[in-house]
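S.K.: Sequence first, then the predicted structure:
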Protein chains: 2
Amino acid sequence: MAVSPTDLANAIRALSMDAVEAANSGHPGMPMGMADVATVLFTDYLKFDPADPAWPDRDRFVLSAGHGSMLIYSLLYLTGYQRPTIDDIRNFRQLGSPCAGHPENFELPGIECTTGPLGQGLAMAVGMALAERHLNAVFDDGLVDHRTWVIAGDGCLMEGINHEAIGLAGHLKLGRLNVLWDDNKITIDGATSLSTSEDIPARYRAAGWHTVTCDGHDPADIARAFDEAIADERPSLVQCRTIIGKGAPNKQGTAKTHGSPLGKDEIAAARETLGWTAPPFEVPASILAAWRAAGARGGALRAEWTDRLATHGDHDEFGRRVAGRLPDNDVTATAIAGWLADPQKVATRKASELALDALTAAIPEMIGGSADLTGSNNTKTPATTPLTAEDYAGRYIYYGIREFGMSAAMNGMALHGGVIPFGGTFMVFSDYARPAIRLSALQRARIVYVMTHDSIGLGEDGPTHQPIEHLQSLRAMPGLDVYRPCDIIETAECWQLALNRADGPSLLALTRQNLPQLRDGGGMLSARGAYRLRAAAAPRQVVLIATGSEVEIACGVAERLEAEGIGADVVSMPCTSRFDAQPDDYRADILPGGVLRVSIEAGTTFGWERYTGLEGMRFGIDRFGASAPASALYDYFGLTAEKITPKVIARVKG
Amino acid sequence: MAVSPTDLANAIRALSMDAVEAANSGHPGMPMGMADVATVLFTDYLKFDPADPAWPDRDRFVLSAGHGSMLIYSLLYLTGYQRPTIDDIRNFRQLGSPCAGHPENFELPGIECTTGPLGQGLAMAVGMALAERHLNAVFDDGLVDHRTWVIAGDGCLMEGINHEAIGLAGHLKLGRLNVLWDDNKITIDGATSLSTSEDIPARYRAAGWHTVTCDGHDPADIARAFDEAIADERPSLVQCRTIIGKGAPNKQGTAKTHGSPLGKDEIAAARETLGWTAPPFEVPASILAAWRAAGARGGALRAEWTDRLATHGDHDEFGRRVAGRLPDNDVTATAIAGWLADPQKVATRKASELALDALTAAIPEMIGGSADLTGSNNTKTPATTPLTAEDYAGRYIYYGIREFGMSAAMNGMALHGGVIPFGGTFMVFSDYARPAIRLSALQRARIVYVMTHDSIGLGEDGPTHQPIEHLQSLRAMPGLDVYRPCDIIETAECWQLALNRADGPSLLALTRQNLPQLRDGGGMLSARGAYRLRAAAAPRQVVLIATGSEVEIACGVAERLEAEGIGADVVSMPCTSRFDAQPDDYRADILPGGVLRVSIEAGTTFGWERYTGLEGMRFGIDRFGASAPASALYDYFGLTAEKITPKVIARVKG
């Protein structure tokens, strides 16, 4: 007997409800509701090969509604990926299973990105679709020529980031992006009508999208909608009208199926409804065979592509980029040598631009941008011409006033591979982007955040624009390297360190105001996170620890202390996480005991006890800022060598 | 000679360009571009009285595009508010001037909210309009019956939060909200066409809004559009086609006028173009008189309203609510007494619900809600029936999947006055709301954030849903009180403390998992931020400091240590900021020197050196979480009494 699309879909339904039941935790409603749509996608449309999940030209599939993780686990298993095994699925949501509560890109090949925080999957898919068009334009012969497919729920569409993401996609005419909206009219609190009255397709059309509707349980109608979406040049929203929890006869269509196991009785009833007689975690051989055949569809395409790449003139360059290896040239060292010979007094945002001038010229996979602060973030260089709908080969993106959308798109670009994104906004607006920064870190994505105007040193714009808690709150985030360089030399070093890190994000905190060049030698000292910039001349009684613009102040304090016969080291600490990773003896040498340790940073003192000890002193700002010229603010908040020195002397002599 | 609307508008233009020039910093383009629209609004439409900026039934005016702050400073001065004076304006952006770089609600009466972080002003206005409809429904005789007006720029409309805000406003049919969109087709990077292709009015219509277009430099056309907006029952977007920097002949219509002084020459040319002959900071007497007359329009209305209130049956209750005084009853003490007699083992989210049951019944101004996690955040109580477009008197808002929009709306509600908002989401999604939480703190707004699922204790949902850095990064924010109670008694205490705080926001971090009742007495011990929950029996060698769900673990460690003859205090620290504010002797008594201090919190250890010293021990999680049942995770991350105790003993004995 032939296996029908519904039989195939029911395999997803059975695995999903059984795995959630076994875990006594999870979300059966979405996988059961979208099983038919996903079946049509994976059996007839998606370009992929389970034998090579890393195939660079595969279609990207993003389960933006990540709570429905059993959908993707089912699909990966059924189509024949090496993992998850059926035992992995049996261990859904248990310690050590790659089948985590939400899909994690680092757990299973075939999962393109980590989803769960709503809205971000779709926004990352925009970045994937953008990277695809860029690489398609850069490399000829269709080396990169694939689609990006998304399954998104009402939550993804209601989140603010959805507006930013679809605005960007519509503007950049990312026509190979197709979003399949699980239109089930249910959210956790109940009917969507409790909280929204929006005409969603109309909104998408207003953003330059094509929209089409289908019955999400009718395979033929789904295919018709997919065909229409593919034929249209615009990005497409496919409205799939579905019933959440479809197949569970007493609970389907209600929020009860969303986030809890169906329960034994309802699962038994669903088995009857679906005509599914196999025991839990068993898929009848004929159905599994049909799924595996669907999974094998892409093998020939991949073989053809592999042959094409083998003889392609850009074979090596393409391979280098996809592998994420930087070119073999050290333009940073050359630039630093120049500045050592000819010192520069510039803002570190300007120093960043100067470093970027060299880096972007040498590293063609770097793609820059800014959330509408190009001239303030200094992120644009001559090598990075605009990336537009008319020229996807460009390398600079005008992201608009979309900090979160930009950051999520950069996540998608980095995860797509072949490009290294960097993007700027004001440091204080890292708050707007924070959920995406966290996903950069969790997903181990190579992204460089360029955050300028990093303290009260920005001056007159006042407290809404002055970071206070931001440096420390970002340093508290696992997996993110926060750099705050003190001069042009450190800035170039930090840029290089950030780019060298293939397995995670970095964030550069840069000044608006000019800073003197404090370094008179190279040596990539920033690599250790903190180092002795000035050694005490008189017998050492004080170690001053500072970052960024406050290192200049620390040097001024040290001079004054030395004039009083108090020896003082100055330690520049551009990256606390790198310093924390140094061996004990190095850290003990830089931050010795038995002396007064003093931190100076124009932000909250919270957390600086880690380096000063409780008995040390901490100069900073533990309130919101104010509107005034920068020099007036530094004086007002007591962050000058003149004001700090006497307090340190009093402590030393007291 | 009669004073024309254009003369009035030119006074705004002159003050704005002159103040920015004097400060050598600021944004002249927006005030000059929107001068005509603002003039029509303030002279003919806005209901206000400069003699009483706190008049509860005034129209609310929100300058969402806060960088154009000279627009509101000009308007307040011209219409006759006590402040700013012309000298305040001369000192625009200087230390001590209330005319800060961006408008600050705490600097000047007449500024309804702090703006500058784009998109949030409009989103706060939604909250104001919501509070207005609610109070209008609660109090009869039109005690509250006003409009909310917003000036917003392209940045406000492009930010993701705009989608959340207008979705909420459209769904709740807030027809008395009118947004005046400064459609000048310019952003900082240049033409809006660099980054967006959206049909903005179509998007607003898709969200249930009315839209209308006008020539933003034609007073009659502006008035026609306002009339149409007022006549329509839906919230309205008034598209005002304007020229940025209008009046500066060589720079108008370009990004050059956005964020920099025009320069002497261009200002001279603008004076000529505008026919403005008065020196800087002088407004011709006839024009100032006309403005003052416009400002005096509202006096009679206010007098009539004041008379109406004086004889209103709800006079006292209305006054109490507007003043922000809580009712004189202590339902929390009663509830606590009950639980002391009958101890409860419940999750603190459930404890929060039980406290809310009593509080919402006793405090009618409390308005709750959740970003689509009602059943998980436990924020709904019997007293809070749904607030809907059909029943504005309700007190529970289904905010939808809009964490940021919810939080900004709550800011607007609190700033409107007469209501005390509280709202919930998962703790990890505090990241989505973070920019609004910061504005709660900066604006000193009374809001209670209910953040449940506050650690790996949420279990299977995994790392995307498990807060790690969140507690510390929120504690690093100035002005925010973060509470993490350990049992039902502390939860009730923290709720009461949060409500008692009229001058700022509080955030409750609550568990998903059940916790035993550890307290056996009342006394509002949480008020000091930290206190000795268990005193050492054996001679004290260890002080264990813990919060929330880890206090139970600390008690287990203490028991085991005592069994070994090692005396150990257990300190519960539900609120670090309150503890930091205690006198030295109290803090020294709770956290004495000469003993081993040990912190236990299921989050990053970053920052805990403040309480343990460097020589202490810190148990926590300095990486992302994992997907598994809660008990498996606590064991995996070493956060059990069994795993912690031997390490503490080794240190004590080592």
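M.R.: Yes, it's here.

S.K.: Where do the helices of the stretch 351-500 of chain A begin and end?
M.R.: For the stretch 351-500 of chain A, the helices identified by DSSP state H, counting those that start in this stretch occupy A:374-377, A:403-416, A:430-443, A:470-475, A:488-500, in order along the chain.

S.K.: how big is the angle separating the third one from helix A:403-416?
M.R.: So that's helix A:430-443. Counting by axes from the mean of the first three to the mean of the last three Cα atoms, to 10 degrees, helix A:430-443 lies at 20 degrees to helix A:403-416.

S.K.: and helix A:430-443, how far out from the chain's middle?
M.R.: Distance of helix A:430-443 from its chain centroid, counting by Cα atoms, centre = their mean, to the nearest Å, is 6 Å.

S.K.: separation between A:Gly418 and B:Thr379?
M.R.: When Cβ to Cβ, to the nearest Å is applied, the distance between A:Gly418 and B:Thr379 equals 45 Å. For every residue, glycine as well, the C-beta is placed using N, CA and C.

S.K.: Same drill for those two, tell me which one is more crowded.
M.R.: Set side by side, A:Gly418 and B:Thr379 show unequal neighbour counts under other Cβ atoms under 10 Å in any protein chain shown, the larger going to B:Thr379 at 27 against 23.

S.K.: OK, contacts around the more buried one?
M.R.: Taking Cβ atoms under 8 Å, 6 or more residues apart in numbering or on different chains as the contact definition, B:Thr379 lies against B:Ser352, B:Glu353, B:Leu356, B:Gly368, B:Gly369, B:Ser370, B:Tyr396, B:Phe422, B:Gly423, B:Gly424, B:Val450.

S.K.: Pull out whichever of these are also neighbours of chain A.
M.R.: Intersecting the contacts of B:Thr379 with the surroundings of chain A, defined as Cβ under 8 Å from any Cβ of the partner chain, gives B:Ser370.

S.K.: Output the contacts of B:Thr379 as JSON lines; include the columns neighbour count, distance to A:Asp199 and pLDDT.
M.R.: As requested, those are arranged in JSON lines below (neighbours: other Cβ atoms under 10 Å in any protein chain shown; distance: Cβ to Cβ, whole Å; pLDDT from 0 to 100):
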{"residue": "B:Ser352", "neighbour count": "29", "distance to A:Asp199": "36", "pLDDT": "98"}
{"residue": "B:Glu353", "neighbour count": "20", "distance to A:Asp199": "35", "pLDDT": "98"}
{"residue": "B:Leu356", "neighbour count": "26", "distance to A:Asp199": "35", "pLDDT": "98"}
{"residue": "B:Gly368", "neighbour count": "25", "distance to A:Asp199": "28", "pLDDT": "98"}
{"residue": "B:Gly369", "neighbour count": "29", "distance to A:Asp199": "24", "pLDDT": "98"}
{"residue": "B:Ser370", "neighbour count": "27", "distance to A:Asp199": "25", "pLDDT": "98"}
{"residue": "B:Tyr396", "neighbour count": "22", "distance to A:Asp199": "26", "pLDDT": "98"}
{"residue": "B:Phe422", "neighbour count": "27", "distance to A:Asp199": "31", "pLDDT": "98"}
{"residue": "B:Gly423", "neighbour count": "27", "distance to A:Asp199": "26", "pLDDT": "98"}
{"residue": "B:Gly424", "neighbour count": "30", "distance to A:Asp199": "28", "pLDDT": "98"}
{"residue": "B:Val450", "neighbour count": "27", "distance to A:Asp199": "31", "pLDDT": "98"}
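
S.K.: quick one: which of the contacts of B:Thr379 is nearest chain A?
M.R.: B:Ser370 (7.2 Å; Cβ to the nearest Cβ).

S.K.: unless I'm mixing things up, the closest one is touching B:Gly424, no?
M.R.: Yes. Distance between B:Ser370 and B:Gly424: 4.3 Å, which falls inside the contact criterion (Cβ atoms under 8 Å).

S.K.: residues bridging contact with the two, i.e. touching both?
M.R.: Each of B:Asn377, B:Thr379, B:Val450 lies in contact with both B:Ser370 and B:Gly424 under the rule Cβ under 8 Å, 6+ apart.

S.K.: In TSV: the residues you listed, plus distance to A:Asp44.
M.R.: Formatted as TSV, those follow (distance: Cβ to Cβ, whole Å):
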residue	distance to A:Asp44
B:Asn377	41
B:Thr379	44
B:Val450	46
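
S.K.: In a markdown table: the helices of the stretch 351-500 of chain A, plus mean pLDDT.
M.R.: As requested, those are arranged in a markdown table below (pLDDT from 0 to 100):
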| stretch | mean pLDDT |
| --- | --- |
| helix A:374-377 | 98 |
| helix A:403-416 | 98 |
| helix A:430-443 | 98 |
| helix A:470-475 | 98 |
| helix A:488-500 | 98 |
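
S.K.: Figure out which of the ones you listed is closest to A:Asp461.
M.R.: The closest of the helices of the stretch 351-500 of chain A to A:Asp461 is helix A:374-377. By Cβ to Cβ, the value is 10.6 Å.

S.K.: can you give me how far the closest one is from the chain middle?
M.R.: On the basis of Cα atoms, centre = their mean, helix A:374-377 sits 21 Å off its chain's mean C-alpha point.

S.K.: Which residues belonging to it are considered buried?
M.R.: Along helix A:374-377, the positions that meet the burial threshold by neighbour count (16 or more other Cβ atoms under 10 Å in any protein chain shown) are A:Thr374, A:Ser376, A:Asn377.

S.K.: Which members of those residues additionally contact chain B?
M.R.: Applying Cβ under 8 Å from any Cβ to the buried residues of helix A:374-377, one finds that A:Thr374, A:Ser376 fall near chain B.

S.K.: tell me which of the buried residues of helix A:374-377 is nearest to chain B?
M.R.: Taking Cβ to the nearest Cβ as the measure, chain B lies nearest A:Thr374 of the buried residues of helix A:374-377, at 5.0 Å.

S.K.: who touches A:Lys256 in this structure?
M.R.: A:Gly245.

S.K.: where along the stretch 551-654 of chain A do the strands fall?
M.R.: Secondary structure of the stretch 551-654 of chain A by DSSP state E, counting those that start in this stretch: the strands cover A:567-572, A:596-600, A:617-619.

S.K.: For the last one, give me every contacting residue.
M.R.: By Cβ under 8 Å, 6+ apart, the surrounding residues in contact with strand A:617-619 are A:596-601, A:605, A:608-609, A:612, A:638-639, A:644, A:647-648, A:651.

S.K.: Return the members of these classed as buried.
M.R.: Those of those that meet the buried threshold are A:596-601, A:605, A:608-609, A:612, A:639, A:644, A:648, by 16+ other Cβ under 10 Å.

S.K.: now those as TSV including distance to chain B and pLDDT?
M.R.: Conversion of the buried ones among the contacts of strand A:617-619 to TSV gives the following (distance: Cβ to the nearest Cβ, whole Å; pLDDT from 0 to 100):
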residue	distance to chain B	pLDDT
A:Leu596	14	98
A:Arg597	10	98
A:Val598	15	98
A:Ser599	12	98
A:Ile600	17	98
A:Glu601	12	98
A:Thr605	9	98
A:Trp608	9	98
A:Glu609	4	98
A:Thr612	9	98
A:Leu639	14	98
A:Ile644	19	98
A:Val648	20	98
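
S.K.: Tell me which residue lies nearest the centroid of chain A.
M.R.: Most central residue of chain A, judged by C-alpha distance to the mean C-alpha position with Cα atoms, centre = their mean, is A:Ser440 at 2.8 Å.

S.K.: for it, what are its contacts?
M.R.: For A:Ser440, the residues meeting the contact criterion (Cβ under 8 Å, 6+ apart) are A:Ser407, A:Met410, A:Asn411, A:Ala414, A:Ile447, A:Tyr449, A:Leu480, A:Gly504, A:Pro505.
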